[in-house]
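Chemist: show me how the following folds:
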Amino acid sequence: MFATQAHSIDQSQERDGCLLLWLEGNVLFSLNESALVIWAEMERNSKGASREQLVEYLCKYYTGCDVSKVRLRQDVRDLIDHLLKRGFLTREDVNGGPPSYRIKEDVFRTAAHALVHAGYSQGFDSAMAHRPSEAPAVDRVQAIIDSCLGFTALLAYEAFLRLRGFGRLCVLVERWPIARQRRWTAVRVRQICAGIDRARLWYPKKIQCLQHSAVVTCLLRLQGVPAQMVFAATRKPFYAHAWCEVEGTVVNDEQSVRGRYSTFTRCIGNQRSEMRNEVGS
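Modeler: Coordinates of the predicted model:
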């Protein structure tokens, strides 16, 4: 359903750990360095792994380190218990064998920071880039229509979030169709974003980044634009953020956010090629 960065871990991320996000439960969880090693092994065993399998993997991983098997068993047991309690894992009882633990489908972790920077270094389309101080040219009628659509979409977002919750909202944005028969331009992208910005000025409540990005993504898709909503965060200090991208260009925020945050997942609609995270090599 959602596309994510590759799940290999590098030395820098192993030192820093990562963040987990469970969409349906709206839960964030921080993993330290050793917990990330266990989590990555569970990702590689997508059908599930027992506690003892994870312990054996750690014994090989920490070969040469003075770590007892008793300590590793305790660490694995504690982490599994914490993840089960917070809803990140499912337990499957196997006849005649130990229970197996599997990561839920709608759970994601932050990707390696180097991958985020690599994507950011590819550049962006300045014609679509967000420039709030430079309003794009648009006739008065179209400006009013864009602003009204933006205001209505902001109201609809808030109502849906209260009724169905964060996880279902993410699914809604993910499944929001792209109007394939409509042609779009970079100027039109900026006009729609500007209309939503005008609607924010009249909205009676403060608009958060998630609300803003979800609305921008859906309204752009109605115009045939292949927009993606991106979830990301920093771990130290913790700060979560969301934005909208079109063909690698951030259209409702500064371009630098791609280099400051590690990405959880992208709601990419009917552009997606895979329904589940892929494990990196």
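Chemist: show me what the one helix or strand residue 214 maps to is packed up against.
Modeler: If you go by DSSP states H and E, residue 214 is part of helix 209-222. Counting contacts by 3 or more Cβ pairs under 8 Å, 6 or more residues apart in numbering; DSSP states H and E, helix 209-222 packs against helix 140-164, helix 166-175, helix 186-202, strand 227-234, strand 239-246. Placement of C-beta: from N, CA and C, glycine included.
Chemist: any idea which of those is most buried?
Modeler: Highest mean neighbour count among those (mean count of other Cβ atoms under 10 Å): strand 227-234, with a mean of 23.
Chemist: and for that one, what's in contact with it?
Modeler: Strand 227-234 has contacts (Cβ atoms under 8 Å, 6 or more residues apart in numbering) with 19, 21, 28, 108, 110, 116, 173, 178, 213-214, 216-217, 220-221, 239-246, 251, 257, 260-269, 271.
Chemist: which among the residues you listed end up buried?
Modeler: 19, 21, 108, 110, 116, 173, 178, 213-214, 216-217, 220-221, 241-246, 251, 257, 261-269 (16 or more other Cβ atoms under 10 Å).
Chemist: and residue 76, what does it touch?
Modeler: Residue 76 sits next to 38, 51, 54, 55, 58 when contact means Cβ under 8 Å, 6+ apart.
Chemist: helix, strand or coil for residue 125?
Modeler: Of the three states, residue 125 takes coil under DSSP: H, G, I helix; E, B strand; the rest coil.
Chemist: how many neighbouring residues does the residue nearest to it when sequence neighbours are not counted have?
Modeler: Nearest non-adjacent residue to residue 125, counting by Cβ to Cβ, 6 or more residues apart in numbering: residue 249, 4.6 Å away. Residue 249 has 19 neighbours, counted by other Cβ atoms under 10 Å.
Chemist: beta partners of residue 249?
Modeler: residue 246 (DSSP bridges).
Chemist: please tell me I have it right and it contacts residue 129.
Modeler: Yes: contact status for residue 249 versus residue 129: in contact at 5.9 Å, counting by Cβ atoms under 8 Å.
Chemist: common neighbours of those two, please.
Modeler: residue 255.
Chemist: what pLDDT does the closest residue to residue 196 other than its chain neighbours get?
Modeler: Excluding the flanking residues, the one nearest residue 196 by Cβ to Cβ, 6+ apart is residue 150, at 3.7 Å. Looking at residue 150, its pLDDT is 96.
Chemist: so residue 150 sits right up against residue 194, yeah?
Modeler: No: judged on Cβ under 8 Å, residue 150 makes no contact with residue 194 at a distance of 9.2 Å.
Chemist: wait, which of the helices and strands packed on helix 209-222 is closest to residue 95?
Modeler: helix 166-175 (31.9 Å; Cβ to Cβ).
Chemist: and the closest one with strand 227-234, angle?
Modeler: 140 degrees (axes from the mean of the first three to the mean of the last three Cα atoms, to 10 degrees).
Chemist: where in the stretch 1-150 of the chain is pLDDT low?
Modeler: 1-16, 26, 111-123 (pLDDT under 70).
Chemist: all helices for it, in order.
Modeler: For the stretch 1-150 of the chain, the helices defined by DSSP state H, counting those that start in this stretch cover 11-16, 33-44, 51-61, 69-86, 113-120, 140-164.
Chemist: can you redo the helices and strands packed on helix 209-222 as CSV with distance to residue 68?
Modeler: CSV is the format used below for these (distance: least, Cβ to Cβ, whole Å):
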stretch, distance to residue 68
helix 140-164, 47
helix 166-175, 40
helix 186-202, 57
strand 227-234, 34
strand 239-246, 37
